[in-house]
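**Student:** Please find the sequence and the predicted model below.
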Amino acid sequence: MARTSSGASLAKPLISLTAAIVAAAGIAGWPTGAALAQTPKPVDIALIMPLSGPWARQGQLVKLGAEMAIAEINEKGGIKSMGGAKLNLISIDAGDSAEKAKNAAQRLVAEHPDVVGGIGAWLSTFTLAITEVTERAQIPWLTLSYADSLTSRGFKYIFQSSPTANVQAVESLPTLIDLAKSATGKAPKTIGLIGDNTASPVSFLKPLREPGGLDKYGMKAVVDETYTPPLADATTLMQRVRSARPDMLLYITTTISDLKLGLDKMNEFHIGKGAVPVIGSGGANGAPEVLKNVSPDLLEGYIFIVANWGLKGQEQILDAFKKRTGEPWMTQESLDGYGHVWILKDALEKVGKADKVKVAEAIHTMEFDSGPTAMVFPGKVKFDAAGHRVGAPLVIVQWQNGVPVTIYPIDRATAKAKWPKS
Amino acid sequence: MEALEWHIIDFFQALAAGLLVGGTYGLMCVGLGIIFGVMRVVNFAQGDFMMLGMYVTYYLVTGFGVLAFLGPYAGPVVGAALAGPIVFCVGWLVHRYLMSRVTGARVVTAEAEGHYTQIIMTLGIALILSNGGLILFGSVPLSVRTPLSSESWEIGEVFLNQARGVAFILAVVAAFGLYLFLTRSTLGKSLRAAADNPVAAAYVGVNVDRCHRFAFALGVGVTAIAGGLIASSQSFQPYIGFDFVIVMYAGVVLGGMGSILGAFWGGLTIGLVQQMSTLILPYQLQNTAIFVVFLLIVFFKPQGMFGRVWERT
């Protein structure tokens, strides 16, 4: 009885105290019950990238771009058609193998059923594995990976913003031949083809290795090697180049370690610094940390082909990124991470609800011709039924005075091309 | 130059590369040889201690610039040599607080001489070191920049990379020094006694646990020197250890369990096979060739090239 009496005597002051706290919270601007009911639920988007293992840095660069886009979108009021819903990035580590990448995708599907779209996973081999899972889960998946096999499987929920690797090789070669011709007065006749055996370099070199692939450019492959990365040493590989002495070398690597080994060895063999002009492919070739591994004089004149790089017209984005992250320049990885989030945001604006299937349909049908989305990619931003970005142009970058600068497309280039001369 | 002449140059160039790469492999195998071959402790974290050696060298030479006054030629070599004692201390502490629970006198009567627990323990240490490395050093690939890595000594038409050449000489000196230490010094003999028969060694006054601790620290320290030497030629990141740990085990088994010089030859053989196989096989089969040779040696000479007959793989 005493307990009941004591409880009753305490009830009144407790109710008053609670009411006072609730009133104070309302005055202080904290969301109360009514306000909470009006706050739209954040919209989850996923990012699966290698955040550990040998490709962790590339994953980190994509993440930096994506985070900047999310911060900008949320600062500007979120998704307006969804009552100002904020975007929330769910970041998952793809690790260092295709198996781990696939597991990451399965974890995403199991633990985050409300995800409306995703980005990943830099390395084509990883993206191939991930999209086997995300396709079944009907999650629209944006990727900068190059392999043509990504969008040749009949998938409906994959969107490849880069020109495919096989297109890159075929489209870049005439430009490079013209560049060589205008600098040296003669067209290159022989070429060396060296690439690692990951999906993107294999796709890149495939059309050139096929019968007649190089004939139409009047060229002949005098070196043709595929290796398993990472290299322990590039001596025997570059010895082939030294003995065959091609007019130009396509050296398609996915790791900075192999780039360093190759360029160091070429210098050692007296075929570096433009004696045999070298062309690479992929954003890793222009990452700021390349300078921590390779001497700038060995990089001078080195050309590489990418899907995106700092272009004329992107100054605002590039400056904001540098200021926010402290990185010296914005690479393809960060640009595309940034652009992919904006694509998802624009699609969500159109759909007006967190419905992944509708978001995918919107990406398929929309033309993203305004705002940061249009500005961040070279060429127009529209996807076909297979998920290719229609007419996605390639970008050619060259190391000049210790900085990788865009030399093609000419109308958006930030510097003039210089063909390395021996 | 004639095609035949180029073929001859290709051969000698691959031979030179095989020897130079193999020399450093040899040194890292010697490090594991002390731990696995002599003391018979399974250590899957050996590659990660090598990674530590790379970062120690980098921070001594470039990051903190402690050795910058030595210049770009001597600095990286001295840095690699100093990585040895620093990682030795780390190894000593790791053994004192972790590995001592699964090695030495404590596991004499344990199932499989405590190998199962050693595998689990060292895999755990490997994970901590590589992921801890990611947190501490970041994911950016680094290397110790030196002109040595892109310059060579030329013998006719054959080029010898200077960074690899210096690494080779240091590796040979270190491996031979360790061989003398283990076979001639009292401490070296104690280590072998503690490994061969811990109970008898304890009866004659050998401190078995201390021997194990010293051998473990010495082994990881030697491999760290090899890592420091490689750091000039190759980029590295916290996960690089895994790429080398299989090479190390193959080298130790190939050379023969219990033999320090055998471990060095095992590493050297792996380097030679890796580089010279590219003369006749596609480049992609470079590492496959290593394991074909490994299996052939295990099949025809189970004790390895220099192993004792009773110590079969």
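**Tutor:** In hand now; what should we look at?

**Student:** residue ranges with poor pLDDT in the stretch 101-250 of chain B?
**Tutor:** Across the stretch 101-250 of chain B, nothing is flagged by pLDDT under 70.

**Student:** those strands in it, which residues are they?
**Tutor:** Assigned by DSSP state E, counting those that start in this stretch, the strands in the stretch 101-250 of chain B fall at B:152-155, B:158-161.

**Student:** Of those, flag the one that's most buried.
**Tutor:** Comparing the strands of the stretch 101-250 of chain B by mean neighbour count (mean count of other Cβ atoms under 10 Å in any protein chain shown), strand B:158-161 comes out on top with a mean of 22. Glycine gets a C-beta too; all of them are placed from N, C-alpha and C.

**Student:** Tell me if that strand is near chain A.
**Tutor:** Yes - Strand B:158-161 lies within reach of chain A by Cβ under 8 Å from any Cβ of the partner chain, at B:159, B:161.

**Student:** Show me what that strand is packed up against.
**Tutor:** Contacts defined by 3 or more Cβ pairs under 8 Å, 6 or more residues apart in numbering or on different chains; DSSP states H and E place strand B:158-161 against helix A:256-268, helix B:3-32, strand B:152-155.

**Student:** Show me which residues of the stretch 1-150 of chain B are close to chain A?
**Tutor:** Contact residues, the stretch 1-150 of chain B versus chain A (Cβ under 8 Å from any Cβ): B:1, B:6, B:9-10, B:13-14, B:16-17, B:20-21, B:131, B:134, B:138-143, B:145, B:147, B:149-150.

**Student:** Find the closest residue to chain B in the stretch 51-200 of chain A.
**Tutor:** A:A56 (3.4 Å; Cβ to the nearest Cβ).

**Student:** Quick check: residues of the stretch 201-313 of chain B near chain A?
**Tutor:** Going by Cβ under 8 Å from any Cβ, the residues of the stretch 201-313 of chain B near chain A are B:233-237, B:239-240, B:243, B:274-275, B:278-279, B:282-284, B:286-287.

**Student:** Filter the residues of the stretch 1-150 of chain B next to chain A down to just the buried residues.
**Tutor:** Among the residues of the stretch 1-150 of chain B next to chain A, the ones that count as buried by 16 or more other Cβ atoms under 10 Å in any protein chain shown are B:6, B:9-10, B:13-14, B:16-17, B:20-21, B:134, B:139-143, B:145, B:149-150.

**Student:** who wins for proximity to B:G255 among the helices and strands packed on strand B:158-161?
**Tutor:** B:G255 lies closest, by Cβ to Cβ, to one member of these: helix B:3-32, at 6.7 Å.

**Student:** Kindly calculate the angle that the helix or strand just after the closest one makes with helix B:3-32.
**Tutor:** Following helix B:3-32 in sequence order, the next helix or strand is helix B:46-58 (DSSP states H and E). Relative orientation of helix B:46-58 versus helix B:3-32 (axes from the mean of the first three to the mean of the last three Cα atoms, to 10 degrees): 100 degrees.

**Student:** Buried residues in the next helix or strand after helix B:46-58, which are they?
**Tutor:** Toward the C-terminal end, the helix or strand that comes next after helix B:46-58 (DSSP H and E) is helix B:71-97. Buried residues in helix B:71-97, counted by 16+ other Cβ under 10 Å: B:72, B:75-84, B:86-88, B:90-92, B:94-95.

**Student:** give me the low-pLDDT residue ranges for the stretch 301-422 of chain A?
**Tutor:** Residues of the stretch 301-422 of chain A meeting the criterion pLDDT under 70: A:421-422.
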